[in-house]
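**Student:** Take a look and give me a structure for this.
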Amino acid sequence: MHNNNVNPLIGRFLFGVSLFLSTLSFAQHITIKKATGKIILDGVIDEQDWNEADVARDFKQNFPMDTALAAAQTEARILYDDQFIYVSAKMYNLGPRAYVTPSLRRDYRGAVNDGFTVVFDTFQDRTNAFVFGINPFGVQREGLISNGGDFNLTDFTLNWDNKWFGEAKIYDDCWIVEIAIPFKTLRYKAGLDTWNINFYRIDSQYAERSTWSPIPQNFDLINLAFLRQLKWDKPLPKGGPNISVIPYLAANRTQDFEKGSSAEQNLQVGGDVKIAVSSALNLDLTVNPDFSQVEVDQQVTNLDRFEIFFPERRQFFLENADLFANFGVEETRPFFSRRIGVARDSSTGQNIQNPIYFGARLSGKIDNNTRIGILNTQAGEDRSIGLPSTNYTVATVQRKVFSRSYVGLIAINKQAFQDSIGGEFTMQPKAYNRLLGADFNLATNDNIWSGKLFYHHSFDEAKLDSAFAYGGLLNYNTNRWSIQTFMRSVGANFNPEAGFVRRKNIQQLTSMVSYKFYPAYGKVQRHGPGFNFDMVGNGQYKFLDWNMVALYNIRWKSTAIFELQLRREYIYLFDEFDPSGTNGQRLQAGTDYTNNLILASYISDARKRFFFTLKGQHGGYYNGQRSTIEGTLTYRYQPWGFVSLDFSYNGIRLPKPYSSANLLLIGPRVDITFSRKVFWTTFLQYNSQISNLNINSRLQWRFKPVSDFFLVYTDNYFAESFENGHAFYIGAPKARAIVLKFSYWLNL
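**Tutor:** All right, here's what the predicted structure looks like:
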């Protein structure tokens with residue numbers, strides 16, 4: 001018995017020692033050499049240059065644990081020539097197997113989809129990086145990381161598009177990728193001989209995420225604090241001419257049935273130009289841009305008293321977008337690019353496209369520690385909704401301090417113009433809105449501490465006091481503990497018209513703390529309790545809102561997640577408000593409500609063909625009760641696409657004379673990828689809150705890299721639900737549009 005107990009302990013000790021020693025022997029950098037021959041992208045790494053290339057190996061787990069080598073190991077190599085950076089990777093398996101991909105559509109995303117990714121920090125600032133990934137089916141994705149990947153996954157966008165090439169091939173015991181990234185696609189400083197780099201792999205069979213440079217499991221794979229060095233065999237030369245012209249031709253037919261107008265046809269010509277002022281600084285120009293290839297926004301049931309934030313998806317605003325968009329904090333942003341080119345029709349409540357005459361963006365690095373951004377656009381007038389032609393000018397500068405922190409300054413000017421068709425185009429001196437602001441972003445070397453401080457002030461003709469917003473947050477994140485404290489103060493007259501601010505005249509204090517247990521055995525990867533509170537008030541009404549939440553979170557090694565919350569909340573109404581969301585009887589201003597709720601959410605194992613997300617809550621709601629269930633059901637018919645169903649039901653029960661309601665939002669979606677170049681997406685969205693049925697169907701043919709043909713059909717109808725015993729029916733149409741668009745990326 002004694003020997004049986006001791007031997008396993010000795011074995012574990014020896015394994016720990018060997019793992020520690022092997023970790024010490026891991027290479028801390030990889031050298032990139034110039035290829036002497038031609039590299040052919042075919043998923044067969046048989047060129048002699050690959051045999052002589054430096055190898056990144058011994059990948060370490062990030063999930064489900066971060067103390068062991070990956071079960072599915074990877075070897076990555078890197079080369080270059082005069083035009084391209086080449087990356088190859090061999091992903092080993094333990095025999096033949098299947099792989100997981102959502103479809104063949106570019107820019108796949110998900111924590112369980114098989115894929116290999118390379119991250120380039122070309123300025124060694126550990127703050128911004130380029131991401132290029134490919135999966136076993138040869139599907140590509142590219143993206144940008146900002147803010148060091150410190151705060152959340154919103155610091156990683158896949159909406160950025162650019163030219164590069166890649167192929168993949170599946171073998172019995174592995175899969176292999178080869179990637180070619182043009183130097184013209186990247187931004188970098190000439191003369192450098194070192195970049196930062198990391199490789200990571202997601203493997204579905206083992207539900208494993210692994211990286212070449214180890215990243216602790218309490219941080220995401222996109223975190224830039226833990227990169228290793230990429231050493232060039234000689235300093236990078238200055239880049240040559242780099243100009244891209246992206247013209248488009250679009251024809252559309254639209255009809256507004258609500259206004260009784262006849263169908264209108266329109267032919268548009270415009271495009272973008274990308275000019276590399278230097279290898280690190282880019283100038284984007286646009287003339288009469290068109291955004292018809294963008295899907296309509298996903299509808300939501302709005303039972304809140306404040307505006308809803310929708311993300312930016314338009315390409316013109318995406319490169320170096322963090323230079324403009326990341327000032328302030330969530331729900332208090334001084335600049336929100338969707339204010340440009342997207343206007344709101346107050347009569348219908350719908351967002352409509354507002355023409356942009358021209359636009360220019362200069363953004364990038366002027367040295368290793370300084371980034372700048374200058375944006376100027378002129379949006380056209382829309383007399384039908386009383387919108388004047390408006391110029392937007394934004395200037396930002398960001399200076400690195402310490403190792404990974406930076407200071408940022410922003411100035412915004414929104415200026416109205418008189419745009420008379422066939423007449424003068426003159427500035428209206430009194431119709432302006434301006435803002436000045438400063439931010440400090442903190443990120444330590446080990447990323448345990450991160451946060452920010454900010455102060456912004458708006459200016460307009462009224463010149464009112466209390467036109468400020470300031471605040472800050474501080475994060476402490478270790479393997480066991482996660483603690484965050486956040487505060488902000490928003491003045492009653494703070495008015496950034498080119499920004500996004502949900503609430504004014506408030507002071508807010510929020511704090512969150514959670515602890516994690518990591519079981520040594522079993523199917524659970526981690527679990528633990530948490531507590532948070534949020535208090536909002538002002539000098540006039542004292543407390544406006546507060547809530548306290550006790551929660552417990554469980555995460556399985558299969559990647560499934562469950563969370564249970566017990567919540568107590570208080571709300572004070574400083575304005576009248578209809579809690580039913582149906583234009584019913586309003587609660588009176590000056591009344592307050594305290595309620596208890598229970599909330600739960602579950603995300604299933606997304607590696608399976610059928611997977612789902614469910615969220616629910618039940619409890620008090622103002623002076624009544626509310627029960628909510630929402631989620632997404634998805635079935636993947638791999639690799640050709642998926643069908644899904646988004647749904648949200650809110651059952652609101654209020655005492656008379658207030659209106660009770662059953663609010664339903666349902667959105668089936670079909671996404672078919674005929675190949676890696678041809679995609680078709682159709683989805684419906686029915687929203688009983690606004691009695692609207694929306695149909696959006698989009699066919700895309702990517703005939704060359706970043707060159708597309710689009711056919712987009714959108715329709716909106718009045719629709720009624722089953723509520724009050726009435727059958728569901730579709731009524732008269734509201735608006736309809738069909739768009740044909742052709743765009744082409746031409747490198748000069």
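**Student:** and stretch 461-468, how far apart are its ends?
**Tutor:** One end of stretch 461-468 sits 15 Å from the other (CA to CA, to the nearest Å).
**Student:** So what touches that stretch?
**Tutor:** 430-432, 455-460, 489-495, 505 (CB atoms under 8 Å, 6 or more residues apart in numbering). (Each C-beta comes from the backbone N, C-alpha and C, glycine too.)
**Student:** List the contacts of the closest residue to residue 356 other than its chain neighbours.
**Tutor:** In space, and not counting its chain neighbours, residue 356 is closest to residue 341: 4.8 Å by CB to CB, 6 or more residues apart in numbering. Listed by CB under 8 Å, 6+ apart, the contact partners of residue 341 are 289, 291, 314, 353-356, 377, 379.
**Student:** Just want to check the distance between residue 341 and residue 72.
**Tutor:** 45 Å (CB to CB, to the nearest Å).
**Student:** go on, residue 223?
**Tutor:** 21 Å.
**Student:** what does residue 544 give?
**Tutor:** Between residue 544 and residue 72 the computed distance is 51 Å (CB to CB).
**Student:** Also residue 547?
**Tutor:** Residue 547 is 43 Å from residue 72, by CB to CB.
**Student:** Neighbour count: those two, which is higher?
**Tutor:** Neighbour count, other CB atoms under 10 Å: between residue 547 and residue 72, residue 72 has more, with 21 against 17.
**Student:** Count the neighbours of the spatially closest residue to the more buried one that is not a sequence neighbour for me.
**Tutor:** Closest residue in space to residue 72, ignoring its immediate chain neighbours: residue 203 at 4.4 Å, by CB to CB, 6+ apart. Other residues lying near residue 203 total 25 when counted by other CB under 10 Å.
**Student:** which residues touch residue 203?
**Tutor:** Counted by CB under 8 Å, 6+ apart, residue 203 has contacts 70-72, 91, 114, 209-210.
**Student:** Tell me the spacing between it and residue 145.
**Tutor:** Computed as CB to CB, the residue 203 to residue 145 distance reads 21 Å.
**Student:** if you average pLDDT over stretch 507-516, what comes out?
**Tutor:** Across stretch 507-516, the average pLDDT comes to 97.
**Student:** Could you list the buried residues of it?
**Tutor:** In terms of neighbour count (16 or more other CB atoms under 10 Å), stretch 507-516 has its buried residues at 508-510, 512, 514, 516.
**Student:** And the next helix or strand past the strand ranked longest in the chain?
**Tutor:** Secondary structure of the chain per DSSP state E: the longest strand is strand 425-443. Where DSSP states H and E defines the elements, the next helix or strand beyond strand 425-443 is strand 449-460.
**Student:** Give the other helices and strands that that next one contacts.
**Tutor:** strand 425-443, strand 468-477 (3 or more CB pairs under 8 Å, 6 or more residues apart in numbering; DSSP states H and E).
**Student:** Give me the below-cutoff pLDDT ranges for the protein.
**Tutor:** Residues of the chain that meet the criterion pLDDT under 70 lie in 1-27, 150-154, 291-311, 313, 344-351, 419-424, 720-729.
**Student:** Show me where it has its helices.
**Tutor:** 2-25, 48-52, 322-325 (DSSP state H).
**Student:** pull the CA atoms of the last one into CSV?
**Tutor:** Coordinates of each C-alpha in helix 322-325 appear next as CSV, following Å, rounded to 0.1, in the frame of the first residue of the first chain:
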residue,chain,number,x,y,z
ASP,A,322,-9.5,52.3,-32.3
LEU,A,323,-7.7,55.6,-32.8
PHE,A,324,-11.1,57.2,-33.1
ALA,A,325,-13.6,54.9,-31.5
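**Student:** Can you list the buried residues in it?
**Tutor:** For helix 322-325, a neighbour-count test (16+ other CB under 10 Å) marks 322-325 as buried.
**Student:** any idea how far the residue nearest to residue 72 is from residue 604?
**Tutor:** 19 Å.
**Student:** which ones are touching residue 677?
**Tutor:** 701-703.
**Student:** Any of those buried? List them.
**Tutor:** Among these, those classed as buried by 16+ other CB under 10 Å are 701-702.
**Student:** closest to residue 522 among the contacts of residue 677?
**Tutor:** residue 702 (45.0 Å; CB to CB).
**Student:** Excluding sequence neighbours, find me the nearest residue to that closest one.
**Tutor:** Using CB to CB, 6+ apart and skipping residues adjacent in sequence, the residue nearest residue 702 is residue 677, 4.8 Å away.
**Student:** Look up how far residue 543 lies from the nearest residue to residue 586 once chain neighbours are set aside.
**Tutor:** Once flanking residues are discounted, residue 586 sits nearest to residue 576: 4.2 Å by CB to CB, 6+ apart. Applying CB to CB, the value for residue 576 to residue 543 is 19 Å.
**Student:** got it, and residue 182?
**Tutor:** Counting by CB to CB, the gap from residue 182 to residue 543 is 57 Å.
**Student:** Who has more neighbours out of these two?
**Tutor:** Between residue 182 and residue 543, residue 182 has the larger neighbour count (other CB under 10 Å), namely 16 against 13.
**Student:** Could I get the contacting residues of that one?
**Tutor:** Counted by CB under 8 Å, 6+ apart, residue 182 has contacts 83-84, 163-164.
**Student:** filter these to the buried ones?
**Tutor:** Judged by 16+ other CB under 10 Å, buried ones among the contacts of residue 182: 84, 163-164.
**Student:** re earlier: quick one: which of the contacts of residue 203 sit in strands?
**Tutor:** Per DSSP E, the subset of these in strands is 91, 209-210.
**Student:** Just the buried ones from the residues you listed?
**Tutor:** Judged by 16+ other CB under 10 Å, buried ones among the ones in strands among the contacts of residue 203: 91, 209-210.
**Student:** Any chance of TSV for the residues you listed, columns distance to residue 631?
**Tutor:** Shown next, in TSV, are these (distance: CB to CB, whole Å):
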residue	distance to residue 631
91	32
209	25
210	30
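**Student:** which of the residues you listed lies closest to residue 412?
**Tutor:** Lowest distance from residue 412 to those (CB to CB) belongs to residue 209, with 39.3 Å.
**Student:** For the closest one, which residues are in contact?
**Tutor:** By CB under 8 Å, 6+ apart, the residues touching residue 209 are 61-63, 111, 200-203, 221.
**Student:** picking that back up, wait, which of the contacts of residue 677 is closest to residue 535?
**Tutor:** residue 702 (49.4 Å).
**Student:** So that closest one sits against residue 106, correct?
**Tutor:** Yes. If you go by CB atoms under 8 Å, residue 702 and residue 106 touch, sitting 7.3 Å apart.
**Student:** Can you give me the distance of residue 577 to residue 544?
**Tutor:** 12 Å.
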